[in-house]
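>>> show me the folded form of this:
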Amino acid sequence: MTDRPEHAPLTQFAIVDDRLIVGGRTPRDLAAIAGGTPFYAYDRAAIGQRLATLRACLPPGLHLHYAVKANPMPAVVEAMRPLVDGFDVASLGELRIALDAGMPGGEISFAGPGKTDRELAGAIAAGITVNLESAGELERAACVGGWLGITPRVAVRVNPDFELKSSGMKMAGGAKPFGIDAEQVPAVLARIGALGCDFRGFHIFSGSQNLRHESLIEAQSLTLELALRLADTAPGPVQLLNIGGGFGIPYFPGEQPLELAPIADNLARSLPGVKARLGDVEVVIELGRYLVGEAGAYFCEVVDRKVSRGRTFLVTNGGLHHHLAASGNFGQVLRKNYPVVAAERVHGGPREEVTVVGPLCTPLDLLADRVELGRCEVGDLITVLQSGAYGYTASPHAFLSHPLPAEILV
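Predicted coordinates:
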């Protein structure tokens with residue numbers, strides 16, 4: 001075996017008799033519940049524990065919202081509802097899931113740069129806060145509200161003049177399709193007042209998947225400063241201030257979990273001044289991946305084992321059509337392996353170096369490249385960890401017309 005850096009310690013799931021346990025159930029039990037492989041399993045207790053840890057660490061009075069796009073499985077969203085203070089959605093489909101889960105419309109916000117009039121109508125009718133992404137969207141929202149006879153609830157999504165450093169995906173700073181450039185916001189705020197919309201506040205989201213607390217602290221501090229400046233030109237009180245999220249989880253070798261304490265300390269120092277300036281403002285942190293990413297696992301089954309010119313391949317019934325992110329084709333520039341284990345030989349037994357691939361006729365269908373696993377035979381289960389966010393819904397299920405994977409919450 002070659003020496004290679006280890007993934008961050010993965011402690012969210014128990015290991016019993018060298019078998020991975022998700023939601024208190026063994027891999028074979030999970031497969032039976034799912035009706036076979038492949039499938040995603042999400043651990044209800046792990047999600048609850050993550051929320052409890054956050055609540056205990058972050059300053060009181062800070063609101064937590066779940067970004068439904070991270071995992072919109074209805075059962076997951078329904079389980080999340082009593083644990084968070086609101087939902088953030090990015091489509092009419094997600095909006096319906098959020099409402100079906102029982103979240104009041106007043107606690108839901110809707111972001112996205114291309115909202116159609118149909119989506120705006122659904123949001124306005126349900127009392128959702130529309131995060132405006134452009135001056136044109138404001139005009140359309142006001143027009144739709146007029147058709148419905150309902151005053152739209154709106155917030156301004158701001159594209160700041162700074163970015164979240166070391167972010168896996170930068171959502172702000174420079175020219176972006178997301179939000180309204182900070183220097184253009186005062187004019188939009190004046191127009192909100194002229195149109196008579198129900199102004200709620202600001203949404204300032206800089207980036208995602210960040211593991212450096214220093215970068216998050218800097219971005220949050222700049223976000224709060226910007227919000228206070230913009231509030232001076234607002235058409236009414238700032239009732240809602242969504243400062244985004246960006247909290248990352250470790251995926252790849254060498255990465256370590258995010259340190260929460262310094263972030264919490266900075267927010268505890270900053271929020272009293274914000275509330276002194278803005279009054280009874282609801283300050284929101286919006287998180288998706290951080291809440292559910294580590295609570296999910298993807299299971300597939302070995303259907304063939306072969307050796308090609310000295311290299312061992314495990315061919316499974318899962319692949320990039322089910323888990324595009326793990327294949328490296330969802331934003332990775334240089335492909336790295338997600339943490340992958342043999343579900344029933346996590347640590348023990350004979351080890352070997354293998355490449356795990358799926359059944360698709362493309363070399364892109366790669367789940368793990370030259371990883372050390374417990375020896376697997378046909379019928380054994382492979383598990384891709386860190387799969388609770390942007391797994392199922394971010395994948396091209398129709399590619400080559402294989403069956404869909406199941407999803408279960410246990």
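>>> tell me the buried residues in stretch 314-330?
Within stretch 314-330, the residues that qualify as buried by neighbour count (16 or more other C-beta atoms under 10 Å) are 314-329. Using the backbone N, CA and C atoms, a C-beta is placed for each residue, glycine as well.
>>> for stretch 120-132, that is, sorry about that
120-124, 126-132.
>>> closest one of these to Pro104?
Distance to Pro104, by C-beta to C-beta, is smallest for Gly127 among these, at 7.8 Å.
>>> measure that closest one to Val154 for me?
Gly127 sits 12 Å away from Val154 when distances are taken as C-beta to C-beta, to the nearest Å.
>>> strands - which of the buried residues of stretch 314-330 land there?
Where these overlap with strands, as defined by DSSP state E, the overlap consists of 314-316.
>>> let's have those in a markdown table, adding pLDDT and distance to Pro38.
Converted to a markdown table, these look like this (pLDDT from 0 to 100; distance: C-beta to C-beta, whole Å):
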| residue | pLDDT | distance to Pro38 |
| --- | --- | --- |
| Leu314 | 98 | 14 |
| Val315 | 98 | 13 |
| Thr316 | 98 | 8 |
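>>> out of those, the closest to Ala398 would be?
Proximity to Ala398 was ranked across those by C-beta to C-beta; first place goes to Thr316, at 19.0 Å.
>>> look up how far Val378 lies from that closest one.
Computed as C-beta to C-beta, the Thr316 to Val378 distance reads 10 Å.
>>> so what sits against both of the two?
With contacts defined as C-beta atoms under 8 Å, 6 or more residues apart in numbering, the residues shared by Thr316 and Val378 are 302-303.
>>> just the buried residues of stretch 120-132 now: which is nearest Trp147?
Using C-beta to C-beta, Ala121 is the member of the buried residues of stretch 120-132 that lies nearest Trp147, at 7.5 Å.
>>> these two touch, right, that closest one and Val144?
Yes. Applying C-beta atoms under 8 Å, one finds Ala121 in contact with Val144, separated by 5.2 Å.
>>> just the ones in helices from the buried residues of stretch 120-132, please.
The members of the buried residues of stretch 120-132 that map onto helices under DSSP state H are 120-124.
>>> hmm, who's touching whatever helix or strand Ile192 lives in?
Take DSSP states H and E as the rule and Ile192 turns out to sit in helix 185-195. Helix 185-195 is touched from outside by 132, 135, 138-139, 142, 154, 156, 158, 180, 199, 230, 233-236, with contacts defined as C-beta under 8 Å, 6+ apart.
>>> 6 Å - rerun?
135, 142, 156, 158, 180, 199, 230, 233-235 (C-beta atoms under 6 Å, 6 or more residues apart in numbering).
>>> could you do stretch 135-146 as well?
For stretch 135-146, using C-beta under 6 Å, 6+ apart, the contacting residues are 117, 120-121, 124, 130, 132, 151-152, 188, 195, 197.
>>> could you give me the average pLDDT of that stretch?
Stretch 135-146 carries an average pLDDT of 98.
>>> how far away is the residue of the chain most remote from its centre from Asp369?
With distances taken from the mean C-alpha point of the chain and given as C-alpha atoms, centre = their mean, the most distant residue is Arg309, at 39.9 Å. Noted for Arg309: a distance of 15 Å to Asp369, by C-beta to C-beta.
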